[in-house]
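Asks: here's my sequence, what's the structure:
(one chain, ligands or ions: 1)
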Amino acid sequence: MNDAILLPHSLDEAVDALAREPAALPVAGGTDLMPRVNAGMLRPRALLGLAGIGELRQWQFEGRHALIGACVTWARLAGPDLAALVPALATAARQVGTPQIRMMGTLGGNLVARTREADAVPVLAALEATVLVRSAGGVREFVCDGEPGAQLRAGELITGVRVPVLHGPQEFLKARVSAGFHATLALVVDPGARTVRCAVGGIRPGAERPTAAERWLSGRLDPASGHPVDARDAATFGAMVADGLSAGDGPRPARAHEQRVVAALARRAAERAFAA
Ligand SMILES: Cc1cc2nc3c(=O)[nH]c(=O)nc-3n(C[C@H](O)[C@H](O)[C@H](O)COP(=O)(O)OP(=O)(O)OC[C@H]3O[C@@H](n4cnc5c(N)ncnc54)[C@H](O)[C@@H]3O)c2cc1C
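Replies: Have a look, this model is predicted:
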């Protein structure tokens, strides 16, 4: 690595610094980036430390949304205030790595991390959350799809995520599919829109929305109870979610195993969401 370590104290300073030194790599908790730097896989010309920017470490209400700063840590996401508003994100946060990783790792870093397993991504995709970015050119936002990191342009920083507060059941489940790899599944019920939304992560790069399965289960919700009309619907939903996964390039038995795991996660998530 070269010499420059830039340590801005405000978002304005950070954006200016990035405009002056476009090759600088932002570093938040460093739990994804620094192991790659230390292993010699990455040799950034400069680092832009985000940890000293207070406005990125906070969250606040914005109408019916929670505006969560990019440097809010997993530990904070798992805390009671955000858990009450965005339970699926809190459940994901509680299952991340180790206590040390949860204390350091951040939401914004997770969206950009070069890993198939970015546990916040399926949750935010299912919530149809909005990713907020800023550069010297101004502000921009986009809906969190399967690969939010791929949507970032040079010179842009993620400043936060706008998440709807839905007041409906939310689930996040994670299961090992092979050595070192986990499938994740987020399911959220939007009572206002009478829809169920779901996203699968960990299997392919980014998260995938099984839209046919989502539409089917949403159509099965009883208008009076808000629950699926038939107890067997969770199992059918699970099978549909697995069928909706895009074809991977792994060997056929591995793909069949992934599908079984995902079907089980989706069925269990639907059963739990509508258990009450
Ligand atoms: C032992 C271990 C266990 C882990 N377990 C899990 C797990 O269970 N689930 C999981 O999802 N992840 C896991 N991770 C991966 C990692 O900890 C998380 O992805 C974490 O959220 C990354 O956040 P960070 O702040 O540390 O990112 P950093 O390492 O600081 O940055 C990651 C990437 O994001 C970029 N970046 C950071 N912040 C911004 C920003 N605001 N704007 C633009 N770019 C930005 C950086 O330039 C870098 O490319 C694990 C890592 C380790 C080492």
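
Asks: and residue 57, how far from the ligand?
Replies: Applying CB to the nearest ligand atom, to the nearest Å, the value for residue 57 to the ligand is 11 Å. The C-beta positions use only the backbone N, C-alpha and C, and glycine is treated the same way.

Asks: if you could redo that for residue 17, that was the one I meant.
Replies: From residue 17 across to the ligand, the span is 13 Å (CB to the nearest ligand atom).

Asks: and that residue, what helix or strand is that in?
Replies: helix 11-20 (DSSP states H and E).

Asks: near the ligand, which residues of the stretch 101-250 of the chain?
Replies: Counting by CB under 6 Å from any ligand atom, the residues of the stretch 101-250 of the chain lying close to the ligand are 101, 104-106, 108-110, 112-113, 115, 117-119, 157-158.

Asks: coming back round to it: now the helix holding residue 17: how far from the chain's centre is it?
Replies: Distance, stretch centre to chain centre, for helix 11-20: 25 Å (CA atoms, centre = their mean, to the nearest Å).

Asks: just checking, what packs against that helix?
Replies: Helix 11-20 sits against strand 24-27, strand 46-49, strand 130-135, strand 157-164, with contacts defined as 3 or more CB pairs under 8 Å, 6 or more residues apart in numbering; DSSP states H and E.

Asks: which one of these lies nearest to residue 141?
Replies: Proximity to residue 141 (CB to CB) singles out strand 130-135 among the helices and strands packed on helix 11-20, at 5.0 Å.

Asks: what's the neighbour count on the residue in the chain that the ligand sits nearest to?
Replies: Closest residue of the chain to the ligand, CB to the nearest ligand atom: residue 109 (2.1 Å). When neighbours are counted by other CB atoms under 10 Å, residue 109 registers 26.

Asks: doesn't it fall inside a helix?
Replies: Yes: per DSSP: H, G, I helix; E, B strand; the rest coil, residue 109 lies within a helix segment.

Asks: about what we covered before: most packed of the helices and strands packed on helix 11-20?
Replies: Mean neighbours per residue, mean count of other CB atoms under 10 Å, is largest over those for strand 157-164, with a mean of 24.

Asks: before I go, just wanted to say thanks for your time.
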